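S.K.: need a structure here:
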Amino acid sequence: MKTLLVITRDAGFAGSIGAGLDPQLWKIRHAAGAPAAIGQTGPSTVDAVLLDDRAGRLATDAELIRQAFPSVPVIAALDQPSDCNTALSSGATVAFTKPLRSGLLQAWLDHQLAPRESNRSSNTATASPAPLPEKSLAALDSVAGLASIVSRNLEPAALTREFLLHLREIVGCNRCAVYVRNEDPDNAGFDCAHAIGRPAATVSTTTLRLASGIGAELNFNGRVLRRETATPDARREFAEIGAEVAIPILDRENLVGIALLDSRITGAAFTDQELVQIFKALETFGIALSRARHHAAVAAAESMATGVLDTLETACCVVGSNLKLLHANPAARQIFSLTDDSGIHDLPAVLVSKIFTALRDRAEQARFRHTTTDGAGRVLEVGIRPIPHPLSDGLHAVLLAAEDVTSIEQSRREQADSASRRFIRSMAEHFAHEIGNTLVPLSTGQQLMASGEVDAEMMQGLEGVFSSSVRRIERLAGQMQFLSREGLQNVAAVPLAETIGDAFEDARKRAGAENATLDLQGVTEADVVRGERKALRQAFGEILLNALQSNGEDPKVRVVARRAGDAFEIDIHDDGAGFSAAEREHATEPFYSNRTVGMGLGLAVTRQIIELHEGRLDIQPSAIGFGGCVRLCLPLAD
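M.R.: Numbering: from 1, shown residues only. This next block holds a predicted model:
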């Protein structure tokens, strides 16, 4: 098992590195700084060192580590690509920009440590291999140098420059250039990435097009092109650049660039065998170049994405699949009091739980409200959405977006309070009016009785007035009682026909309609519904009273019931004027009435009772003058 020493102040970063590597092959050691790591660890116990530049001591730590562990590869994890040269010049073997991909790190470590493992195993062999010729050793050193450049650099421009300098030193060529495939659809070809031995203005103005010249020949043939065997257009480009041979740069699949070399500084031309070796080295470079360009594109996309997030007023946090806080925009930093050293544990616990659920289930979480506990009492509308990995079926991260809706919530509460105050004011006005109308006959009767001038006939009349006033007060008390209900009492099987009959008698007495008749259809003595009998009697009574009050001198009410699945539909018809469109829309609202008597609570109370029974009240459309119809739907008893 190998040991990777991770030097960082962020324990979460060390944990994420360990989670990305194979635990059967790698053991992670964590140290907060280079001095502590050197004091606790010996050179023979460490296979590689990873330096995190977040602490701002990368150059110093890299130099200390290089002095303490001269033969151990040192990896620099950079926040900014521009720090690459600083890291390499301070002693780092390779520099990667964050976020550090575990697959890339694993592949680099396997490649870098393979020679060391080979050397260890060879020490145990019984016989030593024969020494290699001096030229072979020199060739191996050159290849190793190329591999080092390729493996430690993910910046396309720096990679090209270093590789070209090293290649020039190996082949003994004074003038050389590398052209890289562009992405211009209108001028497809190869642009100069770096040149040595020629003025930059001369080389950079030459574009090797795919349609003609060197670019066309290498794209078509895919092999080395010498100046003397080239087409006239290609020879003209050779002359402009000052080169004698063009070598395709492949990434094993595509032509990603072209290397142009002059003859050796002695004037000798390259042999075919030498060009084959250069072609192989360039293929390694082409693979690295494609990877570096992809890395640069991903880094640019992430930089653009973080730039967009930073401009938003919505608080946004990006959390990686390893539960590391990758980015928090300024709004999130302000709302959640985050700093550069903050981790996911610095977010509210309820949000961390939702983030973990989103990562585990790979599913977007339903939006919810969260109130901060920092004293500000902000109300946040929070959404959490997973971000798929661009190169696999897994998740790359999750995005938490929290919009501050404190002002909206406050406005909503103020509107609700205002509506509540208006409702209470309206209710008080209607109460005062209704109770006042009820007290007038009672007060008048009391004064007449106090005067002593009441005979038997007048007393009989007063008794009727008193009785009517008491019924109005009783009805008002019953209505308010049912309006304030939140549930049912004494739920049982309620006989439908009997309950409708009792409610009709109540309505007939309240309306004073002794000659009123009820036509009940479709209901038998065996039909029952589930509910509270007292409440259903009140509900039927309110509708039947409205029906009787809508009819003329000979009131008739028709009730038609029928089964509809597991429910009863009950239509109550009257012979009145019917409901207008406005009345149908507002009839079930409290205090809505087109009469001068009453509070307009009847249908509102009925709707409350029916909905408590998990039923429904509908006012059916009808032509004006052809009567009204109110439909109730109630569930059958089990």
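S.K.: ok, and what's touching the helix or strand hosting F368?
M.R.: Applying DSSP states H and E as the criterion places F368 in strand 365-371. The contact list for strand 365-371 (CB atoms under 8 Å, 6 or more residues apart in numbering) reads 348, 350-351, 354, 357-358, 377-385, 402, 405, 409. For the C-beta atoms, the positions are set from N, CA and C on the backbone; glycine is no exception.
S.K.: how about a cut-off of 6 Å?
M.R.: Outside strand 365-371, the residues that touch it by CB atoms under 6 Å, 6 or more residues apart in numbering are 354, 358, 379-380, 382-384.
S.K.: Can you tell me which of those residues is nearest F482?
M.R.: Using CB to CB, V379 comes nearest to F482 of the contacts of strand 365-371, at 34.9 Å.
S.K.: What is the burial count for that closest one?
M.R.: 18 (other CB atoms under 10 Å).
S.K.: Could you pull up phi and psi at it?
M.R.: phi -100, psi 120 (degrees, to the nearest 10).
S.K.: how about it, what does it touch?
M.R.: By CB under 6 Å, 6+ apart, the contact list for V379 reads 371, 405-406, 409.
S.K.: Tell me how many other residues surround R421.
M.R.: For R421, the neighbour count with other CB under 10 Å is 10.
S.K.: List the contacts of it.
M.R.: No contacts exist for R421 under CB under 6 Å, 6+ apart.
S.K.: cool, and H613?
M.R.: With contacts defined as CB under 6 Å, 6+ apart, H613 is in contact with 531, 634.
S.K.: Which phi and psi values does D574 adopt?
M.R.: With angles defined as degrees, to the nearest 10, D574 sits at phi -130, psi 170.
S.K.: count of residues packed around it?
M.R.: D574, neighbours per other CB under 10 Å, totals 22.
S.K.: related to what we said a few turns ago, in its sheet, what does the strand holding F368 sit against?
M.R.: According to DSSP bridges, strand 365-371 forms sheet pairs with strand 379-388 (antiparallel).
S.K.: in whichever helix or strand comes after the partner strand, what counts as buried?
M.R.: Reading on from strand 379-388 to the C-terminus, the next helix or strand found by DSSP H and E is strand 395-404. Neighbour-count burial for strand 395-404, counted by 16 or more other CB atoms under 10 Å, picks out 395-404.
S.K.: Kindly calculate the angle that strand 395-404 makes with strand 365-371.
M.R.: Going by axes from the mean of the first three to the mean of the last three CA atoms, to 10 degrees, strand 395-404 is angled at 40 degrees with respect to strand 365-371.
S.K.: then strand 395-404 to PDB, C-alphas only?
M.R.: Backbone C-alpha positions of strand 395-404 (Å, rounded to 0.1, in the frame of the first residue of the first chain) are rendered in PDB as follows:
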ATOM      1  CA  LEU A 395     -23.600  13.200  -9.900                       C
ATOM      2  CA  HIS A 396     -21.100  16.000 -10.100                       C
ATOM      3  CA  ALA A 397     -22.600  18.200  -7.400                       C
ATOM      4  CA  VAL A 398     -25.800  19.700  -6.200                       C
ATOM      5  CA  LEU A 399     -26.900  23.400  -6.400                       C
ATOM      6  CA  LEU A 400     -28.600  25.000  -3.500                       C
ATOM      7  CA  ALA A 401     -30.500  28.200  -4.400                       C
ATOM      8  CA  ALA A 402     -32.100  30.200  -1.500                       C
ATOM      9  CA  GLU A 403     -34.100  33.200  -2.400                       C
ATOM     10  CA  ASP A 404     -34.700  35.800   0.300                       C
END
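S.K.: Give the single residue among the contacts of V379 positioned nearest to L255.
M.R.: So of the contacts of V379, ranked by how close each gets to L255 (CB to CB), first place is V405, at 54.4 Å.
S.K.: Just give the closest residue to the closest one, not the sequence neighbours.
M.R.: Nearest-residue entry for V405: E381, 4.8 Å, with adjacent residues in sequence omitted and distances by CB to CB, 6 or more residues apart in numbering.
S.K.: The one you found - how many residues pack around it?
M.R.: Neighbour count of E381, defined by other CB under 10 Å: 16.
S.K.: how close does it sit to A402?
M.R.: E381 sits at a distance of 7 Å from A402 (criterion: CB to CB, to the nearest Å).
S.K.: How about E237?
M.R.: Look at E237 and A402: by CB to CB, they are 57 Å apart.
S.K.: likewise L164?
M.R.: L164 sits at a distance of 49 Å from A402 (criterion: CB to CB).
S.K.: which SS state does P23 fall under?
M.R.: Three-state call for P23 (DSSP: H, G, I helix; E, B strand; the rest coil): coil.
S.K.: Contact partners for it?
M.R.: Applying CB under 6 Å, 6+ apart to P23 gives no contacts.
S.K.: re the thing from before, I'd like the buried residues of strand 395-404 written out as a markdown table, with pLDDT and distance to L518 added.
M.R.: Shown next, in a markdown table, are these (pLDDT from 0 to 100; distance: CB to CB, whole Å):
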| residue | pLDDT | distance to L518 |
| --- | --- | --- |
| L395 | 69 | 67 |
| H396 | 76 | 71 |
| A397 | 87 | 70 |
| V398 | 92 | 65 |
| L399 | 93 | 65 |
| L400 | 94 | 63 |
| A401 | 94 | 61 |
| A402 | 94 | 61 |
| E403 | 92 | 58 |
| D404 | 91 | 60 |
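S.K.: Just the closest of these to V559, please.
M.R.: Lowest distance from V559 to the buried residues of strand 395-404 (CB to CB) belongs to E403, with 52.7 Å.
S.K.: Surely the closest one is in contact with E313?
M.R.: No - using CB atoms under 6 Å, E403 makes no contact with E313, being 8.1 Å away.
S.K.: Name the helix or strand of the protein that has the lowest mean pLDDT.
M.R.: Every helix and strand in the chain was compared by mean pLDDT, DSSP states H and E; the lowest is helix 134-152, with a mean of 48.
S.K.: The very next helix or strand once past that one packs against which elements?
M.R.: Moving toward the C-terminus from helix 134-152, the next helix or strand (DSSP H and E) is helix 156-171. Judged by 3 or more CB pairs under 6 Å, 6 or more residues apart in numbering; DSSP states H and E, helix 156-171 is in contact with helix 134-152, strand 176-181, strand 189-196, helix 272-311.
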